[in-house]
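S.K.: A predicted structure for the sequence below; I have some questions about it.
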Number of protein chains: 2
Amino acid sequence: MTEPVAPAAPAAAARTVRVAIDAMGGDRAPGEIVAGGAAAAAQLGVEIVLVGDPAAISDGLAGIDSGARDAISVVPTTEVIAMADEPASAVRSKKDSSVVRCAELVRDGHADAMVGAGNTGATMAAALLRFGRIRGVARPAIAVPLPIPGSLRKQLLVDGGATVDPEPEWLVQWAKLGRAYATVRLGIDDPSVALLSNGEEPGKGDALRKAASEQLGAVKGFRGNVEGRDLMRESADVIVTDGFTGNVALKTAEGALMGIAGLVFSVLDEPDFAATSGPLKLRLLEASADLLPDNTGGALLLGVNGVCIISHGSSSATAIVNAVRVAATCVEAGIVARLRTSIELEC
Amino acid sequence: MTEPVAPAAPAAAARTVRVAIDAMGGDRAPGEIVAGGAAAAAQLGVEIVLVGDPAAISDGLAGIDSGARDAISVVPTTEVIAMADEPASAVRSKKDSSVVRCAELVRDGHADAMVGAGNTGATMAAALLRFGRIRGVARPAIAVPLPIPGSLRKQLLVDGGATVDPEPEWLVQWAKLGRAYATVRLGIDDPSVALLSNGEEPGKGDALRKAASEQLGAVKGFRGNVEGRDLMRESADVIVTDGFTGNVALKTAEGALMGIAGLVFSVLDEPDFAATSGPLKLRLLEASADLLPDNTGGALLLGVNGVCIISHGSSSATAIVNAVRVAATCVEAGIVARLRTSIELEC
């Protein structure tokens, strides 16, 4: 996967980007996370700070070659927030957890960005509580890149699950933040924005959509409603919705893709086709690689005073490399300043 | 596609089921709708009442063989509710529209059920205003059968788009109605029920989900939350949600399936595979036939005093035959009485 890379600001070019990774977060932590961090250090020319249990990280790093090793440091922590922990209270009570320490490294200037694949709610809560909110943003939102089958384009779904029950004006804030982020992440000058609704007509929607639709009219690039079927075909660069609907839509798309992929491969394994379908299987995997969560590169938490990239719970080493790449792109582009400006200028 | 058919009640067996079809409703009306009605009459042993412009219906029937023709009658109307019309006001102002007359035929006992593929909101509004609501049901909901790739099972999503902004207790009503309908449509004795949410844990959800989850605990068969990825894999027989989220989820799944299908077939057309992929394409189409909207058989409007089957806007003749089959199954099973009982007994 190729990510558009914004030109580095002259001031930032002088020193290497430093990314803190929650080594204990994710279904495949610490092994795949540590391996991903090491690979990112070797491939991307960034400094990696692995945060977590030092013995586990040391085990994971045992096989890494020395060239990359110099770009990797370890910050030891004693606690872990589990997938099942209640996010906000876990962040408050587990002060020496790997994800909280990651957020503090960014807050205190010891790292430029954090990457977490653990408990999503806890990762967001750690970033929100340690970074604070951008002035003028009521609640954060996750900007999830949606792949489009057969296209190199991506679209950003905002909010992918950070904030349920938003007020209509929060969707306006997310639209502005999403536009600013799309210029960096998608490399688009004047991104279009749409509202996810249950029909394209302006009057469609529930109470939230009807109220938000009117207010979104004042956002540059707003082109009206799109529907669920527009999420995975070219429709708008930034698609705004509440975090509940966004989460359901993302998981529905994932489930549909997994279901049809399983069906196609089971047909290819049938006696009539199995003997000759090997090359076709490889080509199908290649053609659909951009649809896999490992390759989408993680989701930026919009609205906080720092760069926090959320990778999916089953992240492999490849997913972590891609998430670090997005984090570095965001840092080099000065994303947080751009996000602040988007709210200040357009408010 | 095979639909489980509930045994006909002895009293109903004496006379043929009569289904009114809105011949003017749908992107491919009247041609495909009329052809579908004629095919249903020939294949299913039902009486078909085609409602709409008599000249257009006559044109459509011109090529039909005489055996089926005896089971088809025409009710002429002068108005049509278009896809873009505002549903409720169109139903009120266009009193001689095909969809309103369909609902009146059912209300007045001249037909046992109606099938409509036109403006979904208008079809629902016509049924709601002419049939009235079942006592104890605040608002209607659409029960949409979800196909599961690679499985013969289906699950019902309730509400697929009839009612946005529901109160929590309406979801409880829909769960009960959905269970009663699942016994007929899915042929299941004791259907399971789940709430669509943004996480499986009991505390997950927005304000609506949190309130509904507690109340749903009292519904027989309730097994907690499911997520978007569970819609298209075996999870629960009845999955309840609000009509906004249901609409977005259905269209998201449709878009994802269309996207990946396009990708797979474009790979099969590549030079390396095109020469030999013919039989594989046919087999893939066959294996995925149950996923096509034409073959899912239409969606029952739950909560009204009559049988109204909503078919999708792009319905072909095949879709209409399948919708009529579902309508007949519902009539023969005495579905409206069963739905009433589900609300009365469990309230």
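M.R.: Structure's in. What do you need? Remember, predicted model here, so these are calculated numbers, not experimental data.
S.K.: which helix is the longest one in chain A?
M.R.: In chain A, with assignment by DSSP state H, the single longest helix is helix A:243-268.
S.K.: compute the inter-axis angle for that one and helix B:243-268.
M.R.: If you take axes from the mean of the first three to the mean of the last three C-alpha atoms, to 10 degrees, helix A:243-268 sits at 30 degrees to helix B:243-268.
S.K.: show me what counts as buried in helix A:243-268.
M.R.: Using 16 or more other C-beta atoms under 10 Å in any protein chain shown as the test for burial, helix A:243-268 gives A:243-261, A:263-264, A:267-268. For every residue, glycine as well, the C-beta is placed using N, CA and C.
S.K.: avg pLDDT for it?
M.R.: Averaging pLDDT along helix A:243-268 gives 95.
S.K.: same deal with stretch A:23-35?
M.R.: Computed over stretch A:23-35, the mean pLDDT rounds to 96.
S.K.: show me what the longest helix of chain A is packed against.
M.R.: Helix A:243-268 sits against strand A:141-147, strand A:154-158, strand A:193-196, helix A:278-287, helix B:243-268, helix B:278-287, with contacts defined as 3 or more C-beta pairs under 8 Å, 6 or more residues apart in numbering or on different chains; DSSP states H and E.
S.K.: can you put those in CSV and add distance to residue B:223?
M.R.: Converted to CSV, those look like this (distance: least, C-beta to C-beta, whole Å):
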stretch, distance to residue B:223
strand A:141-147, 28
strand A:154-158, 29
strand A:193-196, 28
helix A:278-287, 35
helix B:243-268, 19
helix B:278-287, 29
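S.K.: which one of those lies nearest to residue A:237?
M.R.: strand A:154-158 (5.9 Å; C-beta to C-beta).
S.K.: what is the burial count for the residue nearest to residue A:269 when sequence neighbours are not counted?
M.R.: The shortest distance from residue A:269 to any non-neighbouring residue, by C-beta to C-beta, 6 or more residues apart in numbering or on different chains, is to residue A:277 (7.5 Å). Residues near residue A:277, counting by other C-beta atoms under 10 Å in any protein chain shown, number 18.
S.K.: the one 10 residues further on too?
M.R.: Residues within reach of residue A:287, counting by other C-beta under 10 Å, total 16.
S.K.: do I have it right that it meets residue B:263?
M.R.: Yes - look at residue A:287 against residue B:263 with C-beta atoms under 8 Å: they come within range, at 6.0 Å.
S.K.: can you list residues touching both of these two?
M.R.: Taking C-beta atoms under 8 Å, 6 or more residues apart in numbering or on different chains as the criterion, residue A:287 and residue B:263 both touch residue A:150.
S.K.: point out where the stretch 1-150 of chain A drops to low pLDDT.
M.R.: Applying pLDDT under 70 to the stretch 1-150 of chain A flags residues A:1-14, A:66.
S.K.: what residues sit buried inside stretch A:234-242?
M.R.: A:235-242.
S.K.: same question for stretch A:51-58.
M.R.: A:51-53, A:56-57.
S.K.: also stretch A:162-173?
M.R.: Under 16+ other C-beta under 10 Å, the buried positions of stretch A:162-173 are A:162-168, A:170-173.
S.K.: same check on stretch A:92-110?
M.R.: Buried, per 16+ other C-beta under 10 Å, within stretch A:92-110: A:94, A:97-107.
S.K.: now the residues you listed in JSON lines, with secondary structure and distance to chain B?
M.R.: Formatted as JSON lines, those follow (DSSP: H, G, I helix; E, B strand; the rest coil; distance: C-beta to the nearest C-beta, whole Å):
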{"residue": "A:94", "secondary structure": "coil", "distance to chain B": "19"}
{"residue": "A:97", "secondary structure": "strand", "distance to chain B": "20"}
{"residue": "A:98", "secondary structure": "helix", "distance to chain B": "22"}
{"residue": "A:99", "secondary structure": "helix", "distance to chain B": "18"}
{"residue": "A:100", "secondary structure": "helix", "distance to chain B": "22"}
{"residue": "A:101", "secondary structure": "helix", "distance to chain B": "25"}
{"residue": "A:102", "secondary structure": "helix", "distance to chain B": "23"}
{"residue": "A:103", "secondary structure": "helix", "distance to chain B": "22"}
{"residue": "A:104", "secondary structure": "helix", "distance to chain B": "27"}
{"residue": "A:105", "secondary structure": "helix", "distance to chain B": "28"}
{"residue": "A:106", "secondary structure": "helix", "distance to chain B": "26"}
{"residue": "A:107", "secondary structure": "helix", "distance to chain B": "28"}
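S.K.: so stretch A:120-138, near chain B or not?
M.R.: No - using C-beta under 8 Å from any C-beta of the partner chain, stretch A:120-138 never reaches chain B; the gap is at least 8.9 Å.
S.K.: and that stretch, how far out from the chain middle?
M.R.: 14 Å (C-alpha atoms, centre = their mean, to the nearest Å).
S.K.: with stretch A:159-172 instead?
M.R.: The chain centroid and the centroid of stretch A:159-172 are separated by 16 Å under C-alpha atoms, centre = their mean.
S.K.: what residues does that stretch touch?
M.R.: Contacts of stretch A:159-172 (C-beta under 8 Å, 6+ apart): A:120, A:124, A:138-144, A:174, A:195, A:208, A:211-212, A:215-216, A:218-219, A:240-244, A:246-247, A:250, A:299, A:301, B:198, B:205-207.
S.K.: hmm, which of these are the buried ones?
M.R.: A:120, A:124, A:139-144, A:174, A:195, A:208, A:212, A:215-216, A:219, A:240-244, A:246-247, A:250, A:299, A:301, B:198, B:205-206.
S.K.: enumerate every residue touching residue A:323.
M.R.: So residue A:323 contacts A:36, A:115, A:117, A:297-298, A:309, A:311, A:315 (C-beta under 8 Å, 6+ apart).
S.K.: helix, strand or coil for whichever residue of the stretch 1-150 of chain A sits closest to chain B?
M.R.: Relative to chain B, the nearest point of the stretch 1-150 of chain A is residue A:149 (3.7 Å; C-beta to the nearest C-beta). Recorded secondary structure, residue A:149: coil (DSSP: H, G, I helix; E, B strand; the rest coil).
S.K.: ok, it touching residue B:257?
M.R.: No - between residue A:149 and residue B:257 no contact is recorded; they are 10.1 Å apart, counting by C-beta under 8 Å.
S.K.: hmm, back to that, mind giving me JSON lines with the buried residues of stretch A:51-58 and columns for secondary structure and distance to chain B?
M.R.: Output for the buried residues of stretch A:51-58, formatted as JSON lines (three-state DSSP; distance: C-beta to the nearest C-beta, whole Å):
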{"residue": "A:51", "secondary structure": "strand", "distance to chain B": "25"}
{"residue": "A:52", "secondary structure": "strand", "distance to chain B": "25"}
{"residue": "A:53", "secondary structure": "coil", "distance to chain B": "26"}
{"residue": "A:56", "secondary structure": "helix", "distance to chain B": "27"}
{"residue": "A:57", "secondary structure": "helix", "distance to chain B": "29"}
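S.K.: export those residues to CSV and append columns for distance to residue A:190.
M.R.: Listed next are the buried residues of stretch A:51-58 as CSV, based on distance: C-beta to C-beta, whole Å:
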residue, distance to residue A:190
A:51, 38
A:52, 41
A:53, 46
A:56, 46
A:57, 43
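S.K.: hmm, which two among those are most spread apart?
M.R.: Greatest spatial distance among these (C-beta to C-beta): A:51 and A:56, at 11.4 Å.
S.K.: any residues in contact with both of these two?
M.R.: With C-beta under 8 Å, 6+ apart, residue A:51 and residue A:56 have common neighbours A:23-24.
S.K.: C-alpha coordinates for stretch A:249-264, PDB please?
M.R.: Extracted in PDB, the C-alpha atoms of stretch A:249-264 (Å, rounded to 0.1, in the frame of the first residue of the first chain):
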ATOM      1  CA  ALA A 249     -21.300   0.300   9.300                       C
ATOM      2  CA  LEU A 250     -17.600  -0.500   9.500                       C
ATOM      3  CA  LYS A 251     -18.200  -3.900  11.100                       C
ATOM      4  CA  THR A 252     -21.100  -4.600   8.700                       C
ATOM      5  CA  ALA A 253     -18.800  -4.000   5.700                       C
ATOM      6  CA  GLU A 254     -16.100  -6.100   7.300                       C
ATOM      7  CA  GLY A 255     -18.500  -9.000   7.900                       C
ATOM      8  CA  ALA A 256     -19.900  -8.800   4.400                       C
ATOM      9  CA  LEU A 257     -16.400  -8.800   2.900                       C
ATOM     10  CA  MET A 258     -15.400 -11.800   5.000                       C
ATOM     11  CA  GLY A 259     -18.500 -13.600   4.200                       C
ATOM     12  CA  ILE A 260     -18.200 -13.200   0.400                       C
ATOM     13  CA  ALA A 261     -14.500 -13.900   0.500                       C
ATOM     14  CA  GLY A 262     -15.200 -17.200   2.300                       C
ATOM     15  CA  LEU A 263     -17.800 -18.100  -0.300                       C
ATOM     16  CA  VAL A 264     -15.500 -17.400  -3.300                       C
END
